[in-house]
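Novice: Below: sequence and its predicted model.
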Amino acid sequence: MSTDPAQQHSSTPAADAAGVDVRPARRWLLEIGVAVLLVMLLRIFVMESFHVPSDSMAPTIEPGDRVVVTKIGASDIARGDVIVFDGTDTFAVADRTPFASDGLIGRILSGAASTLSIRLGEQDFLKRVAGVGGDHLTCTPEGGLDVNGDPVTEPWLEPDTAACDFPFDVEVPQGRLFVLGDNRSDSADSRAHLGDPGGGMVPVEDVVGHVSWRYWPLDHLGGLEH
């Protein structure tokens, strides 16, 4: 019984012009695409890695540390939480952004860089929450920080460090946060923006997430000390 050559050719594995089976390559590309998509979805909705470039949160978080930020429950914020937030509209200077993420290529590069803990075209800040909506905060270099009339114990500060280097007295609006760096003498936090529009108060919706743990350097691996 003869076999139709056309039918015989159609039953062989998919091949290119040189007769090479291309299906494994397609399957490999598909698997890579799915893996990249899963990583991107994880980064967008669940957790993200950040590189800390400054010492504004020292000694809790040192320059060069890499931390994981949990995005689930990002709006559930309490005093003392360490958070990452987008300060584009509240803290950042427009011409300080080194790269813009406009356009298709820019968005692709920004997403890929963010996956690798390199933030391009965004103004993300890492600070500790000192006050939430409705709180009344006062501070003096001699007396320390008070919230709603009660003194606040801050074990994350270095011994003999003043809670503030100049007095302030603020009311935090609902839906906003007053944030401070643990390195009070070298942190451009809410105090540095009291005279700006919004008074240095961070909108809750700008919070990216909570800092859950540090994975680099290895000798500091684990959760935050306080």
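Specialist: Cool, got the structure.

Novice: in the chain, which strand has the most residues?
Specialist: strand 207-216 (DSSP state E).

Novice: Go ahead and name everything in contact with that one.
Specialist: 47-49, 61, 64-75, 77, 81-86, 124, 126, 177, 220-224 (CB atoms under 8 Å, 6 or more residues apart in numbering). For the C-beta atoms, the positions are set from N, CA and C on the backbone; glycine is no exception.

Novice: same thing but at 6 Å, please
Specialist: By CB atoms under 6 Å, 6 or more residues apart in numbering, the residues outside strand 207-216 that reach it are 65-71, 74, 81-85, 220, 223.

Novice: Between those, which sits nearest residue 184?
Specialist: Closest approach between the contacts of strand 207-216 and residue 184, by CB to CB: residue 82, at 14.7 Å.

Novice: now the residue nearest to the closest one when sequence neighbours are not counted, which residues is it bridged with?
Specialist: Among residues not flanking residue 82 along the chain, residue 211 sits closest, at 4.3 Å (CB to CB, 6 or more residues apart in numbering). Judged by DSSP bridges, the bridge partners of residue 211 are residue 69.

Novice: again with residue 147
Specialist: residue 137, residue 150.

Novice: Now stretch 47-63 - C-alpha only, PDB.
Specialist: Presented in PDB, the C-alpha positions along stretch 47-63 are these (Å, rounded to 0.1, in the frame of the first residue of the first chain):
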ATOM      1  CA  MET A  47       6.400  41.600  47.000                       C
ATOM      2  CA  GLU A  48       9.300  43.500  45.600                       C
ATOM      3  CA  SER A  49      13.000  43.900  46.300                       C
ATOM      4  CA  PHE A  50      14.600  47.300  46.900                       C
ATOM      5  CA  HIS A  51      18.200  48.500  47.200                       C
ATOM      6  CA  VAL A  52      18.800  51.100  49.900                       C
ATOM      7  CA  PRO A  53      21.300  53.700  48.700                       C
ATOM      8  CA  SER A  54      21.300  56.100  51.700                       C
ATOM      9  CA  ASP A  55      21.900  56.000  55.500                       C
ATOM     10  CA  SER A  56      18.700  57.900  56.400                       C
ATOM     11  CA  MET A  57      17.400  54.700  58.200                       C
ATOM     12  CA  ALA A  58      20.700  53.800  59.900                       C
ATOM     13  CA  PRO A  59      21.300  51.900  62.100                       C
ATOM     14  CA  THR A  60      18.200  49.800  61.300                       C
ATOM     15  CA  ILE A  61      18.900  49.700  57.600                       C
ATOM     16  CA  GLU A  62      22.400  50.500  56.300                       C
ATOM     17  CA  PRO A  63      23.400  51.800  52.800                       C
END
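
Novice: can you pull the buried residues of that stretch?
Specialist: For stretch 47-63, a neighbour-count test (16 or more other CB atoms under 10 Å) marks 47, 48, 49, 50, 52, 54, 55, 56, 57, 58, 60, 61 as buried.
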